[in-house]
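Asker: starting from these lines, generate the structure:
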Amino acid sequence: MTASSTIAELRSSLTHACHQLAAAGLFIGTSGNLSARSGELVALTATGAVLGDITEEQITITTVDGSIVDGELVPTSEAPLHLGVYRVAPPELVGAVVHTHSMMATAVGVVLDELPVLHYAQLTLGGALRVAPFHPFGSTELAATVGSALDGRLAALMANHGAVALGANLAKAVENALLTEWLCELHLRAHSLGEPRQLSADQQRAVIAAATASGYGTTRRVQP
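Answerer: Have a look, this model is predicted:
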């Protein structure tokens, strides 16, 4: 695949993902940002773009070190956060980053220091989700603390700010962002009924063992 075709594919897929997440209510106006990586190229949403209406021309292409390769618009102010993740994560494990200001995740990040495991689906993200301390958007401090919160996780919350989700590809990052929002809403709804019952360490290990043994989460053909 040529560089130009790679850039075209990155722009197309990132635009579609923005529209999908906006339709799901995770983006309002210009809040939030997305990126996707292919080799040393990174596609980033432009700062100030309305993500529900974003066009391919509003996607800027940079290198992993932040040098602009293609595009006329300044990339998102959270570029240090996105690029920081790519610089430390193996490309085969993290190929996309989704940052939202979604309602439920933001609400949880205003109150909790960690989102406990109430449902086994959260184990696909690595377990309890950490809440990174507050720092101004776009700052190197925020990028560093979010990077720490993501250690061993595919999602993290940001105090008084929002959430970040990772994926091996853009589709998985979108899926993980939607799951993070669902888990936060689950916690909020459960807490309104009483003290939520958390899954114990033993219960979590049992779920992981069952998922490993059954191949849970993947399609399989019926064996004759």
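Asker: from A23, how far off is T15?
Answerer: 13 Å (Cβ to Cβ, to the nearest Å). In short, each C-beta sits where N, CA and C put it, glycine included.
Asker: tell me the pLDDT at M1?
Answerer: With respect to pLDDT, M1 scores 65.
Asker: going forward, begin numbering at 29 instead of 1
Answerer: New numbering, starting at 29: the last item is M29.
Asker: what ranges does this protein have for its helices?
Answerer: Using DSSP state H, the helices of the chain run over 31-51, 107-116, 131-139, 168-177, 198-221, 229-242.
Asker: how far away is the one residue sitting closest to the centre of the chain from E209?
Answerer: Centroid-nearest residue in the chain, with Cα atoms, centre = their mean: A193, separated by 1.6 Å. A193 sits 9 Å away from E209, going by Cβ to Cβ.
Asker: who touches both of those two?
Answerer: Shared contacts of A193 and E209, defined by Cβ atoms under 8 Å, 6 or more residues apart in numbering, comprise T128.
Asker: now render the helices of the chain as a markdown table, adding distance to L72.
Answerer: Formatted as a markdown table, the helices of the chain follow (distance: least, Cβ to Cβ, whole Å):
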| stretch | distance to L72 |
| --- | --- |
| helix 31-51 | 8 |
| helix 107-116 | 6 |
| helix 131-139 | 21 |
| helix 168-177 | 14 |
| helix 198-221 | 13 |
| helix 229-242 | 34 |
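Asker: kindly reformat the ones you listed as TSV containing distance to A71 and mean neighbour count.
Answerer: Output for these, formatted as TSV (distance: least, Cβ to Cβ, whole Å; neighbours: other Cβ atoms under 10 Å):
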stretch	distance to A71	mean neighbour count
helix 31-51	4	17
helix 107-116	10	20
helix 131-139	23	19
helix 168-177	18	18
helix 198-221	9	19
helix 229-242	32	12
